[in-house]
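K.L.:
pasting the structure only:
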């Protein structure tokens, strides 16, 4: 599964895969596999991505179209 939203969020925040991987504490090649859907995103990483982008994990996973984080 290609995570288009994950890619779009990164680009919208003007982040390279390298910079985002540094923020997440992982290798940029590993991050790239998440974005391309070649590897499943660990839950802890998904939560961190939602924090970085100030959105919900459901939005990243395309389970909702509402980017607002849950209260």
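P.N.:
Sure, I can see it. Just so you know, these numbers come straight off a predicted model, no measurement behind them. Numbering: from 1, shown residues only.

K.L.:
who's in contact with residue 52?
P.N.:
13, 20, 23-24 (Cβ atoms under 8 Å, 6 or more residues apart in numbering). No exception for glycine: its C-beta is placed from N, CA and C like everyone else's.

K.L.:
where does it fall, helix, sheet strand or coil?
P.N.:
For residue 52, the assignment made with DSSP: H, G, I helix; E, B strand; the rest coil gives helix.

K.L.:
ok, now how distant is it from residue 13?
P.N.:
Distance check for residue 52 against residue 13: by Cβ to Cβ, to the nearest Å, it reads 8 Å.

K.L.:
do the same with residue 31
P.N.:
To residue 13, residue 31 is 14 Å away according to Cβ to Cβ.

K.L.:
Just want to know which of those two has more residues nearby.
P.N.:
Neighbour tally, residue 31 and residue 13, criterion other Cβ atoms under 10 Å: the higher count belongs to residue 31, 24 against 12.

K.L.:
isn't that one right up against residue 20?
P.N.:
Yes - the criterion here is Cβ atoms under 8 Å, and residue 31 meets it with residue 20 at 6.1 Å.

K.L.:
so what's residue 64 closest to, chain neighbours aside?
P.N.:
Of all residues not flanking residue 64 in the chain, residue 58 sits nearest, at 4.6 Å (Cβ to Cβ, 6 or more residues apart in numbering).

K.L.:
Can you pull out the residues in contact with the host helix or strand of that neighbour?
P.N.:
Using DSSP states H and E, residue 58 sits within helix 57-60. Identification of contacts with helix 57-60 by Cβ under 8 Å, 6+ apart yields 3, 5-6, 9, 46-47, 49-50, 53, 64-67, 70.

K.L.:
hmm, try it at 6 Å
P.N.:
5-6, 46, 49-50, 64, 67 (Cβ atoms under 6 Å, 6 or more residues apart in numbering).
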